[in-house]
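Participant: pasting the structure only:
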């Protein structure tokens, strides 16, 4: 990597960190994850889309205020959640303090991807990828796919309308995940957000349970 590219990437990370620190500066839940029906409903759809009832080892980067983390903890033996914003991590740590199966870590992605913590049988990329450059998102998607267990699941759920801090389109984020070669088993699109699930095992839930 050239010095100029390293400098640009460092500046981009600094700008993103400043953006998130300002969001969480006087509000531990700036996106209303704990109060908005939109967020509650989206979480319910994401959880319902998961093909397994339970997971052993899950990774949720970009966990923000930690509300999805709490929901995942009810379905997972272990959840590693991370954020690169100290303010967001503090909010998530407070929200998950009573959950012994949750750990909150400091990760700037894709460079801090926790390969040593895997394999993961669930990775959830929610409202994260569009803050990355295209190269970084492609690298992150490959890291996620490579870290999945033999029956692993990758989920991407992202806001569709444009906003000022967006770097990538949501379509580009999901295309990077699709390019890993995993089988897409769920595709749910609304005007507000898109939810996709990719699996190593391409069978449907009914097929897994021998119904069809």
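Facilitator: Perfect, thanks for sending it. These numbers were taken from a predicted model, which means no experiment stands behind them.
Participant: Can you report how many residues neighbour residue 143?
Facilitator: Counted by other Cβ atoms under 10 Å, the residues lying close to residue 143 total 19. Placement of C-beta: from N, CA and C, glycine included.
Participant: can you tell me how far it sits from residue 175?
Facilitator: The gap separating residue 143 from residue 175 is 16 Å, by Cβ to Cβ, to the nearest Å.
Participant: measure residue 45 to residue 196 for me?
Facilitator: 12 Å.
Participant: Let's check: the centremost residue of this structure is which one?
Facilitator: Central residue of the chain (Cα atoms, centre = their mean): residue 125, 1.9 Å from the mean position.
Participant: Ramachandran angles for that residue?
Facilitator: Per-residue torsions, residue 125: phi -100, psi 90 (degrees, to the nearest 10).
Participant: repeat for residue 26
Facilitator: Taking degrees, to the nearest 10, you get phi -130, psi 20 for the backbone angles of residue 26.
Participant: Which of residue 45 and residue 196 has more residues huddled nearby?
Facilitator: Counted by other Cβ under 10 Å, residue 45 and residue 196 do not tie: residue 196 has more neighbours, with 21 against 15.
Participant: after the helix or strand harbouring the more buried one, next one along is what?
Facilitator: Element membership of residue 196, judged by DSSP states H and E, is strand 193-199. Note on strand 193-199: by DSSP H and E, the next helix or strand toward the C-terminus is helix 205-208.
Participant: tell me which strands and helices that next one is in contact with?
Facilitator: With contacts defined as 3 or more Cβ pairs under 8 Å, 6 or more residues apart in numbering; DSSP states H and E, helix 205-208 has no helix or strand neighbours.
Participant: Okay, buried residues for that helix please.
Facilitator: Counting neighbours by 16 or more other Cβ atoms under 10 Å, one finds that helix 205-208 has no buried residues.
Participant: tell me the mean pLDDT for it?
Facilitator: Per-residue pLDDT over helix 205-208 has a mean of 96.
Participant: Could you pick out the longest strand of the protein?
Facilitator: Across the chain, the longest stretch assigned as strand under DSSP state E is strand 148-159.
Participant: and after that strand, which helix or strand comes next?
Facilitator: helix 170-178.
Participant: what ranges do the helices span in this structure?
Facilitator: 3-24, 37-49, 67-73, 86-95, 134-146, 170-178, 205-208 (DSSP state H).
Participant: now the longest one: mean pLDDT?
Facilitator: Which is helix 3-24. The pLDDT scores in helix 3-24 average 58.
Participant: From here on, call the first residue 593.
Facilitator: In the new numbering, first residue 593, that becomes helix 595-616.
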